[in-house]
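J.: Need coordinates for the following:
(2 chains)
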Amino acid sequence: MLASLENARLLAGGQSLMPMMNMRYVLPDNVIDLNAVQELAGIDIGAEEIRIGAMTRQRALLQSDELATVAPIFREALNFVGHLQTRNRGTVGGSLAHMDPAAELMGLAMLMDARIGLSGSSGPREVSIADYPLGYMTPCIEPDEILTHVRFNRWPSGHGYDFQEFAQRHGDFAIVGAGALLTLDANGIVDRIAIALIGVDDAPIRLDDAETLLVGAPPSDKLICEAAALASGRPMMQDALVSEAYRQHLATVLVRRSLRRAVDCTKRLGHG
Amino acid sequence: MADPGQSHRTIRLTVNGKGCEADVEDRFSLADFLRQKLDLTGTHLGCEHGVCGACTVLVDGEAIRGCLMLAVQADGRNVQTVEGLAADDGSLNELQQAFMNCHGLQCGFCTPGILMTMTAFLKDHPAPSEEDIRVALSGNICRCTGYETIVQAALDAARALRGAASS
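T.: Purely as a prediction, here's the structure:
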């Protein structure tokens, strides 16, 4: 249908497309409603990975106790996604396809090295999250493709996690958000860590320099602060309301808090 | 570009417990449909882009933004609006009564959206804390009250509903 119809848009949850249509930013001649396509929804938790169908409602991610057990960062992050009304319709695939710079689901995908499933007239394919964003609100989805699913790798049981963001009101788009996942070995040394920021660039970024600093080291507060400070060295977006310097400062603070909470939580949960 | 008025279809849905059938343009929003086709003007349009919550209605029991759903997507669904809250004889339900008692509204523009949000929320969370209610209300904007009386009304309603449930 996508390939044959002129000026067509896919309608998933509608929580991003409908506002754009209401404001006449987007004027499709045809709207293809995916809401009846049941096969595109579902949360599949395997031993190594979590596969989430594109039409899975954000509410379903929030409510899934199984998901909260194996990947508790989802529940933390999903609480920040819009409001309860928008989560009842909004979908995982819709958020990923829309690619707002502050999208929490994009942040989780970047944090967890996700793979995005696409399908079009040339057949199904998967793209790593690193290759997925092409530019501002532009993912590498071909005109005749739909996003079918996303696959996240599972982290070991007892891993430390945290997701937090700053917005002016609860549910507003994040000015900056930070997510962290880590594991400590039996000696309390960081053996694996991922840190991501949303709201700072076209797509979420991984703080690989901060990750490198922490891997193989005990996560002392001094080292956490040093690692967080690396965020302020990154170029960040600026807009009419928020300067780059403000975002850099905010990012540093959020990463520091995120790392502290992730370390505390893995110590509480036990590691391995 | 195709003439926008050309694409339409028949939908059959239940609104406040009553079946209804209508021919609607594909581009008609659910909120506009309720207001213009069914004369249910209790559902209000505040921003029409999904942030204010004044258009909140229940579809299959879930609170959703009426301005962000197309009427055609409600085909086969169960829709509840603020007009469906009071009993047939006009007596207010526990939630409405609590809002009246606590002065949980002034101009009333945001109120239908808040009542529908709270109807769904209190069903899923019968014993919420004040913080829970404030977070649940974050998708509804009120310009008049400063939210204090709304939160109080919601807490009172939760108490009343728990009382009614246990009796």
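J.: Would you pull up the residue in chain A closest to chain B?
T.: residue A:83 (2.8 Å; Cβ to the nearest Cβ). Backbone N, C-alpha and C define where each C-beta goes, glycine included.
J.: Touching, that residue and residue B:56? I think so.
T.: No: with contact defined as Cβ atoms under 8 Å, residue A:83 does not reach residue B:56; the gap is 9.6 Å.
J.: Identify the contacts common to these two.
T.: In terms of Cβ atoms under 8 Å, 6 or more residues apart in numbering or on different chains, residue A:83 and residue B:56 are both contacted by the residues residue B:139.
J.: so residue B:134 makes contact with residue B:148?
T.: No: if you go by Cβ under 8 Å, residue B:134 and residue B:148 don't touch, sitting 10.2 Å apart.
J.: More neighbours: those two, which one.
T.: Taking neighbours as other Cβ atoms under 10 Å in any protein chain shown, residue B:134 and residue B:148 compare with residue B:134 leading, 15 against 11.
J.: Next up, the contacts around the residue in chain B that chain A sits nearest to.
T.: In chain B, the residue that lies nearest chain A is residue B:139 (2.8 Å; Cβ to the nearest Cβ). Counting by Cβ under 8 Å, 6+ apart, residue B:139 makes contact with A:82, A:83, A:84, A:85, A:86, A:171, B:53, B:56, B:117.
J.: which of the residues in the longest helix anywhere in chain A are buried?
T.: In chain A, with assignment by DSSP state H, the single longest helix is helix A:244-269. Neighbour-count burial for helix A:244-269, counted by 16 or more other Cβ atoms under 10 Å in any protein chain shown, picks out A:247-248, A:250-263, A:265-266.
J.: helices and strands around it, which ones?
T.: Where contact means 3 or more Cβ pairs under 8 Å, 6 or more residues apart in numbering or on different chains; DSSP states H and E, helix A:244-269 is packed against strand A:160-166, strand A:176-184, strand A:190-198, helix A:221-229.
J.: Kindly reformat those as JSON lines containing distance to residue A:214.
T.: Below are those laid out as JSON lines (distance: least, Cβ to Cβ, whole Å):
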{"stretch": "strand A:160-166", "distance to residue A:214": "11"}
{"stretch": "strand A:176-184", "distance to residue A:214": "8"}
{"stretch": "strand A:190-198", "distance to residue A:214": "5"}
{"stretch": "helix A:221-229", "distance to residue A:214": "5"}
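J.: Of those, which stretch is the most buried?
T.: Greatest average neighbour count among these goes to strand A:176-184 (a mean of 27), per mean count of other Cβ atoms under 10 Å in any protein chain shown.
J.: how big is the angle separating that strand from strand A:190-198?
T.: Angle of strand A:176-184 versus strand A:190-198, following axes from the mean of the first three to the mean of the last three Cα atoms, to 10 degrees, is 170 degrees.
J.: what helices or strands is strand A:176-184 leaning on?
T.: Going by 3+ Cβ pairs under 8 Å, 6+ apart, strand A:176-184 lies up against helix A:73-78, helix A:104-111, strand A:160-166, strand A:190-198, helix A:244-269.
J.: would you turn those into TSV with mean pLDDT and distance to residue B:107?
T.: Shown next, in TSV, are the helices and strands packed on strand A:176-184 (pLDDT from 0 to 100; distance: least, Cβ to Cβ, whole Å):
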stretch	mean pLDDT	distance to residue B:107
helix A:73-78	97	33
helix A:104-111	98	34
strand A:160-166	97	31
strand A:190-198	97	36
helix A:244-269	96	36
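J.: can I get the ones you listed in TSV with distance to residue B:162?
T.: Listed next are the helices and strands packed on strand A:176-184 as TSV, based on distance: least, Cβ to Cβ, whole Å:
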stretch	distance to residue B:162
helix A:73-78	26
helix A:104-111	33
strand A:160-166	33
strand A:190-198	39
helix A:244-269	33
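J.: if we can go back for a sec, residue A:83 and residue B:56: who's more crowded?
T.: Taking other Cβ under 10 Å, residue A:83 and residue B:56 do not tie; residue B:56 has more neighbours (31 against 25).
J.: out of everything not next to it in sequence, what's closest to that one?
T.: Once flanking residues are discounted, residue B:56 sits nearest to residue B:113: 3.9 Å by Cβ to Cβ, 6 or more residues apart in numbering or on different chains.
J.: Please tell me I have it right and that neighbour contacts residue B:55.
T.: Yes: using Cβ under 8 Å, residue B:113 is in contact with residue B:55, at 6.2 Å.
J.: Spell out which residues are contacts of both of those two.
T.: B:43, B:44, B:46.
J.: Quick check: residues of chain A near chain B?
T.: Residues of chain A lying close to chain B (Cβ under 8 Å from any Cβ of the partner chain) are A:7, A:11, A:14-15, A:18-19, A:22-23, A:27, A:29, A:31, A:33, A:35, A:59, A:82-86, A:88-89, A:169-171.
J.: All the strands of chain B, residue numbers only.
T.: Along chain B, the stretches classed as strands by DSSP state E are B:8-15, B:18-25, B:56-59, B:62-65, B:78-80.
J.: which outside residues touch the last one?
T.: By that I understand strand B:78-80. Contacts of strand B:78-80 (Cβ under 8 Å, 6+ apart): B:13-16, B:30, B:34, B:57-61, B:116, B:119.
J.: again, only this time at 7 Å
T.: Applying Cβ atoms under 7 Å, 6 or more residues apart in numbering or on different chains, the contact partners of strand B:78-80 are B:13, B:14, B:15, B:16, B:57, B:58, B:59, B:60.
J.: Just list the residues touching the third one, thanks.
T.: Just to be clear, that refers to residue B:15. Shown in contact with residue B:15 (Cβ under 7 Å, 6+ apart): B:38, B:79, B:81.
J.: likewise the first one?
T.: In this structure, residue B:13 makes contact with B:20, B:74, B:75, B:76, B:77, B:79, judged by Cβ under 7 Å, 6+ apart.
J.: Could you check how far the closest residue to residue A:231 other than its chain neighbours is from residue A:208?
T.: Nearest residue to residue A:231 in three dimensions, chain neighbours excluded: residue A:251, at 4.1 Å (Cβ to Cβ, 6+ apart). For residue A:251, the distance to residue A:208 (Cβ to Cβ, to the nearest Å) stands at 14 Å.
J.: got it, and residue B:138?
T.: Residue B:138 is 34 Å from residue A:208, by Cβ to Cβ.
J.: do residue A:111 as well
T.: 12 Å.
J.: the more surrounded of those two?
T.: residue A:111 (26 against 11).
J.: low-confidence ranges in the chain?
T.: All of this refers to chain A. For chain A, the stretches flagged by pLDDT under 70 are A:270-272.
J.: Oops, wrong one, chain B.
T.: Along chain B, segments meeting pLDDT under 70 span B:1-5.
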